[in-house]
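Asker: what shape does this take:
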Amino acid sequence: VSPLLITSCMRPSPPQVALLALLTFVTFTTVSSKPNAGMKTWGRFSKLPHPGDKAFLYDTFPREFIWAVGTAAYQVEGAFEKDGKGPSIWDTFTRGGTRIAKGDVGSDSYHNIQADIRAIEQLGVSHYRFSLSWSRIFPNGTRGSYNEIGTNYYRTLIQKLKEIRVQPIITLYHWDLPDQLQQTLGGWSNPELVEIFKDYADFCFQTFGDDVKYWITIDNPFVVARLGYGTGSVAPGIKNDPDLPFRVGHILLKAHTAAWHLYDRHYRPRQQGKLSMALASHWIKPSRTRLESLRECQCSLDHVLGWFARPLFVDGDYPPCMKERLGSRLPSFTAEEREQVRGAADFFALSYGAALSFQHMDDSLKFGQQEDLDLRMLLYWVNAEYNRPPIFVVQSGWYVLGITKTEDLKNMYYIKRFIAGALKSIVIDRVNVIGYTAWSLIDGFEWNREYDIRQGLYYVDFKTNAMKREPKTSATFYRNVIQKNGFPELPENRPAHGIFPCDFAWGISANTIQVEVTPSLFADPSVYSWNISNNGELMRLEGLSAPPLPRNTHCADYVTIRQQVDEIRRVGVNHFHFSLNWSALVPTGDVAQPNTTLLRYYRCFAHQLLRANVTPVFTLWHHIQSGNSMPAPLVAANNETPKAFAEYARLCYRELGAHVKMWITLNEPNDEMVSYQEGHEMLRAHALAWHAYDLEFRPTQGGQVSLTLHMDWFEPAVSFSREDVEPTKRVLDFKVGWFAEPIFGSGDYPLVMRSWLRQLNSLDLPVFSEEDRQLVKGTYDFFAISHFTTKLVTHTKEDSYTYRAMLEIQYMADPTWIISPQPVVPWGLRKALNWVNEHYPDVPVYVMANGVWEDPARFKDSLRVFYLYNYINEALKALTLDGVNLKGYFAYALSDQNDGGFGLYGQVHDEVIIKASLSNYRNIIQHNGFPIIGAEPQQCPSMPQACRSCQVLLRGPVVGFLTLVGSVVLITLGLIIYYTTKRKECY
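Answerer: The predicted structure is shown next:
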C-alpha cells in the first residue's frame, strides 16, 4: 500500500471525505419505498473501512445548521401554585407513593427569566427549545380556565429571546398534563383528549405562532404511554393494564395529527412554521451475525421508535412487526385515519441520549439483542427507514451524578460523541441532519430520578434561594463547538509529509526471542538402515548410535536463529530489540557460573543479525511484575541486587559486546506496582551498569547504554481547566519523572513528587545521598521510551474504579477515540516526545516500542496498519516540526508467537503468516517516511547490502549434507539398474 493510499484511509482531507461520502452514498443508499429499508444499516456499517471510519472527523457543519439548547417546563419552572397555575399530573405524582422530592421549585425559572436568557446568550445558540406548562395556561386543561398571567410569562420569555436573536422552539406537551384532565377523564387514555389538545394547540398557535417557526406537539410519546400508563414509573403512574399503553399511544398520535392539520390549514400560510412530534429512541446491535438477530434489532426499533414514526413518515399504520406480535392488543386505524396520520410531520424530531437509552429500556424490548450508544447509526437508520426526512436532533445529552458541580466531564464527552456522530452522518453518510439540541440548559428536577442526577450545561445550587446559574465544563465545550461550527481541521490534525534522516533507526521490538540451544543440524546420533528393495524407508536401529562428529557447533546450525533473523530481515528494519533472560543466563545469580550454552546462542543471534545488516539492541533486564525474570537467589536480596546486576551487565558486555553496540539496562522499570524503594535500587543498578560500560568497555566497543521508560501520554481531560492541567503534570512527574529526573536531570526525584508526598505525610520516597546522586546523574547516552496509548486525567471523582486516591486523580477515555482495547491516540506520541524534549532539551530520543493489540486471527490487521501509519506520522511531526532529536522508531512486536496479539507475523499451527501491517510498515521504511509525491528522491549514502553469497554460506553445511545424500542416491539407483539389466540377460 502506498503512502498516498494509506493517507486516504487514515485521516482523510475534506476532498477525500467528500469522495468517500459519495462512494458510500452510492454504494449503500437503499430504495426509500422498500419495507424495512433500515435493516441494511448494520451491514452497511460493518463494511466501512476499519478503523479509519472510527477515527475522529475534523470538519464543520453546514452554515445553516441549527444549534440549540432545551428545557422542559416541569423540570425547571417551579412556581407550581403561583399566579393561577393549576396542578399537573407531576404535582400529584410526586406527592404520592414513595416519592421523596418534588419539582415545586425546580430551578425556579419562573422567577429567573433573565438568568436563563443570560445563560442562553453565553452559549451562542441560535434556538432555544422550551415547553409550555399546559396547566399554567389552562389550569384545568380547557380554554374556559384561561390564565392570562401564566400566558404572559411565555410572552415575556419569547420577547427576551428575540432581543438576543434566539428563535424559540416550543413544545406544547412535555409530560405535564393538567391533573384535572387526568382525574375527570382518565388523561390520555380517553379519546376526548384529542379535541381538548387540539383546542389547546389552537390557542398556542394563535397566541405565540407569529414568533415561532418550530413546534413540537408532544415530547417522547413512548415514555408517556409505556412508562406513564404501563409501568407506572412516571406520571400519572398507572399500571397493571398491559394493553393500556398501546391505546394511549394511539390517542397521542391522533392528538398530534389533529394539531398538525389544524396548523397546516389555518396557521402555516401566514406563520410559515414547521411542526413535528419528538420521538425518542435507543440503538441496538445484533448479538449474533445472523439474519434473525438483525430482524430482532429491527423489531426492537419498531416497538420504540417505529411505533410512532412509521404511521407519520411511511404509511399511516403501525410497523408489521408490532402488528404481528401484538395482534388485537394494538389498536387499528381506519383507512381515513391512516391518510390523516401519514405525512403529518414536517421534519423528524429525534431525541437521543439519557431520555431513554440505558434508563427506560427493559429487556423485553431488546428481543435478546444488545443495547448500544451510536447516534450516527440511528440517524442513518432513520434516514433509510423513513425516506430521507430532514432530521432535527431536538434532545441529546447525558448526565452526571447529583453531587457533581461544574466539572461534568462525563456529560461533556458524551455530548462530544453525539455531535461527532451527527457530523459524520452529514459529511460521510449524507443524512439530512438540520440541527442539534444539547439537553439541558440548566439542572432541574429529573423526573423519576428526581435530583439524583444532573443534565444541565449550567449548574444550579438547589439549596440556595438565588438559584445562581454557573457554567459547567460542558457549557464551555458546547460554546466552543458552536463558535467553530463543529471541529475544523487544524494544521496539527493533518498528516505530515516528509522523510526521516538517512541514519534513522527503523526497528522492531520483541519481549523475547525463541530459544532452542540445541543445534538443529547434525544433532541426531541414531543409526538407520535403508530398505532399498521395498519402499525406500529409513528404519531406525534400536540400541545403536553413531560417534559424535568431530566438528564445532556453528551459528548456522541453529535453525530457529535463521528463521527469526529471516523474519526480521523481511520487515526491512535495520535494528532489532529484545530482552535477554537474566534468570536463565545466570541461574544462581553468580556470574562466575553462567549458562554458556545460552550465551553462545545469544552471541550467534547477534552475529547473524549483523550479517543481515540488522543492528542488535539488547536489554539486560525486562522488569515484569511477577519478578521471575530475576535470578531466584537475588529476588529477596534487594540491597545487593544493584551490584549483582552490574556484574551481570559486565558479563554480557564482555561476552556479547563485540556484536552489540546498543544496550538497554532496564526495560520499563517505572511500573506502578514497583515500590519507591525498589525503584531507588533499580536506579542504582542502572547507574552501576552504565558506569561499568563507560569505564571498562566503551573505549574498545564504542557502544551506547541507557534505559527504556514506559511513557504513555496523559492529557488533561479539560484542557482549558487548570484544575485538570496541574494534576496531569503531577501524573507525568510520578510516572516518568520518577526515573527520568534522577538520570537526565538534577540527579534527584522531581520536586513535585517530594512536595506531594510530604503533603500526604508519606516517607516512602527515599533520599539520595550525595554519592548516589553523583552515581545516577547523567548515566545515559539516549532517552528511550515505550509508548502505547493515551489517558485523560481529571481531578474530579466520578468512578471509584478509575480513581487514584494517592494522586487524587481519575483516568478517563474520550468516547470518540478508537478503543481496541486501549485508546488509539496517535497525537499522544508527539506530545510525549515533546515532553521529553522540553524537560531534557536535545537529548537523543528513541521510541523503543510502539504497537497495538489486535485479534491474532486478523491477518488483515487494519487496526495495526492504521496505528503504525499514524503514530509514525506523529513521530515525523515531532522531528520535523517540533525539533525533537528523534533518532529511531521501533514497532512492537515481531510475532504473535512471543508477543500474542501484537505481532507483524501471525501463526496458524506451524505456519507463519505475514500480516498486512508488515507490508505497510516495510513500505514506510522503504520510503523513509512519507515523501511528497513528485519530490526528488532522498539521496542517502549507500548502505551495505546483505551478502547473498553469505546466505548460501550460512547454509553451507546443509548444502554439503544434501550433496552427499544426493550422490549416494544416484550411485544406488545406478547399481539397481545395472544389476536388474544383468539379471534379465541371464534369463
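Asker: show me which positions of the helix or strand hosting residue 424 end up buried.
Answerer: Using DSSP states H and E, residue 424 maps to helix 409-427. Of all the residues in helix 409-427, those buried under the rule 16 or more other C-beta atoms under 10 Å are 409-427. (Each C-beta comes from the backbone N, C-alpha and C, glycine too.)
Asker: for residue 845, the count of nearby residues, please.
Answerer: Residue 845 is flanked by 24 other residues according to other C-beta atoms under 10 Å.
Asker: show me what it is bridged to.
Answerer: Following DSSP bridges, residue 845 is listed with bridge partners residue 783, residue 886.
Asker: so residue 912 lies in a helix, does it not?
Answerer: No: Residue 912: not assigned to a helix; according to DSSP: H, G, I helix; E, B strand; the rest coil it is strand.
Asker: how about the nearest residue to residue 347 once chain neighbours are set aside, what does it touch?
Answerer: Closest residue to residue 347 apart from its sequence neighbours, by C-beta to C-beta, 6 or more residues apart in numbering: residue 390 at 4.5 Å. When contacts are counted by C-beta atoms under 8 Å, 6 or more residues apart in numbering, residue 390 touches 347, 348, 432, 433, 434.
Asker: the strands in the stretch 1-150 of the chain, which residues?
Answerer: Using DSSP state E, counting those that start in this stretch, the strands of the stretch 1-150 of the chain run over 59-60, 66-70, 127-131.
Asker: so which of the ones you listed gets nearest residue 386?
Answerer: With C-beta to C-beta as the measure, strand 66-70 is the member of the strands of the stretch 1-150 of the chain nearest residue 386 (19.6 Å).
Asker: what mean pLDDT does that closest one get?
Answerer: The pLDDT scores in strand 66-70 average 98.
Asker: for it, packing partners?
Answerer: Using 3 or more C-beta pairs under 8 Å, 6 or more residues apart in numbering; DSSP states H and E, the elements in contact with strand 66-70 are strand 127-131, strand 391-397, strand 433-439.
Asker: for those, give me a markdown table that also has mean pLDDT and distance to residue 912.
Answerer: Converted to a markdown table, the helices and strands packed on strand 66-70 look like this (pLDDT from 0 to 100; distance: least, C-beta to C-beta, whole Å):
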| stretch | mean pLDDT | distance to residue 912 |
| --- | --- | --- |
| strand 127-131 | 98 | 60 |
| strand 391-397 | 97 | 49 |
| strand 433-439 | 98 | 48 |
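Asker: can I get the strands of the stretch 1-150 of the chain in CSV with mean neighbour count and distance to residue 906?
Answerer: As requested, the strands of the stretch 1-150 of the chain are exported to CSV (neighbours: other C-beta atoms under 10 Å; distance: least, C-beta to C-beta, whole Å):
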stretch, mean neighbour count, distance to residue 906
strand 59-60, 18, 36
strand 66-70, 25, 47
strand 127-131, 26, 53
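Asker: give the contact list for the residue nearest to residue 603 when sequence neighbours are not counted.
Answerer: In space, and not counting its chain neighbours, residue 603 is closest to residue 656: 5.7 Å by C-beta to C-beta, 6+ apart. Shown in contact with residue 656 (C-beta under 8 Å, 6+ apart): 599, 602, 603, 606, 618.
Asker: so the third one sits against residue 654, correct?
Answerer: No: contact criterion C-beta atoms under 8 Å: residue 603 and residue 654 do not qualify, at 11.1 Å.
Asker: pretty sure residue 716 contacts residue 731?
Answerer: No: between residue 716 and residue 731 there is no contact under C-beta under 8 Å: 9.9 Å.
Asker: circling back: out of the strands of the stretch 1-150 of the chain, which gets nearest to residue 502?
Answerer: Using C-beta to C-beta as the measure, strand 59-60 is the one of the strands of the stretch 1-150 of the chain that comes nearest residue 502, at 37.2 Å.
Asker: packing partners of the closest one?
Answerer: In terms of contacts (3+ C-beta pairs under 8 Å, 6+ apart), strand 59-60 is packed against strand 486-487.
Asker: any idea how far whichever helix or strand comes after the strand it packs on is from the chain center?
Answerer: Where DSSP H and E defines the elements, the next helix or strand beyond strand 486-487 is strand 498-499. Chain-centre distance of strand 498-499: 28 Å, with C-alpha atoms, centre = their mean, to the nearest Å.
Asker: if we can go back for a sec, could I get the strands of the stretch 1-150 of the chain as JSON lines with distance to residue 369?
Answerer: Compiled in JSON lines, these are given as follows (distance: least, C-beta to C-beta, whole Å):
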{"stretch": "strand 59-60", "distance to residue 369": "32"}
{"stretch": "strand 66-70", "distance to residue 369": "30"}
{"stretch": "strand 127-131", "distance to residue 369": "31"}
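Asker: which of those sits closest to residue 261?
Answerer: Closest to residue 261 of those, according to C-beta to C-beta: strand 127-131, at 21.6 Å.
Asker: neighbouring contacts of that closest one?
Answerer: So strand 127-131 is contacted by 66-73, 120, 157, 161, 166-174, 176, 214, 216, 219, 394-395, 435, 437, 441 (C-beta under 8 Å, 6+ apart).
Asker: residues near the residue nearest to residue 414 when sequence neighbours are not counted, how many?
Answerer: Once flanking residues are discounted, residue 414 sits nearest to residue 398: 3.6 Å by C-beta to C-beta, 6+ apart. By other C-beta under 10 Å, 23 other residues sit near residue 398.
Asker: go on, residue 102?
Answerer: Residue 102, neighbours per other C-beta under 10 Å, totals 16.
Asker: surely it and residue 447 touch.
Answerer: No: counting by C-beta under 8 Å, residue 102 stays clear of residue 447, with 11.7 Å between them.
Asker: need the residues touching each of the two.
Answerer: With C-beta under 8 Å, 6+ apart, residue 102 and residue 447 have no common neighbours.
Asker: dump the helix or strand where residue 265 lies to PDB, keeping only the CA atoms.
Answerer: Using DSSP H and E, residue 265 sits within helix 244-266. Only the C-alpha atoms of helix 244-266 are listed here, as PDB (Å, rounded to 0.1, in the frame of the first residue of the first chain):
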ATOM      1  CA  LEU A 244     -53.400   0.400  28.000                       C
ATOM      2  CA  PRO A 245     -50.000   1.900  26.700                       C
ATOM      3  CA  PHE A 246     -51.000   1.000  23.200                       C
ATOM      4  CA  ARG A 247     -54.400   2.600  23.500                       C
ATOM      5  CA  VAL A 248     -52.700   5.700  24.900                       C
ATOM      6  CA  GLY A 249     -50.100   5.800  22.100                       C
ATOM      7  CA  HIS A 250     -53.000   5.600  19.600                       C
ATOM      8  CA  ILE A 251     -54.700   8.600  21.100                       C
ATOM      9  CA  LEU A 252     -51.400  10.500  21.300                       C
ATOM     10  CA  LEU A 253     -50.900  10.000  17.600                       C
ATOM     11  CA  LYS A 254     -54.400  11.200  16.800                       C
ATOM     12  CA  ALA A 255     -53.900  14.300  19.000                       C
ATOM     13  CA  HIS A 256     -50.700  15.200  17.300                       C
ATOM     14  CA  THR A 257     -52.300  14.600  13.900                       C
ATOM     15  CA  ALA A 258     -55.200  16.800  14.700                       C
ATOM     16  CA  ALA A 259     -52.900  19.600  15.800                       C
ATOM     17  CA  TRP A 260     -50.700  19.200  12.700                       C
ATOM     18  CA  HIS A 261     -53.700  19.500  10.300                       C
ATOM     19  CA  LEU A 262     -55.000  22.500  12.300                       C
ATOM     20  CA  TYR A 263     -51.700  24.300  11.900                       C
ATOM     21  CA  ASP A 264     -51.400  23.200   8.300                       C
ATOM     22  CA  ARG A 265     -54.800  24.600   7.300                       C
ATOM     23  CA  HIS A 266     -55.100  27.700   9.400                       C
END
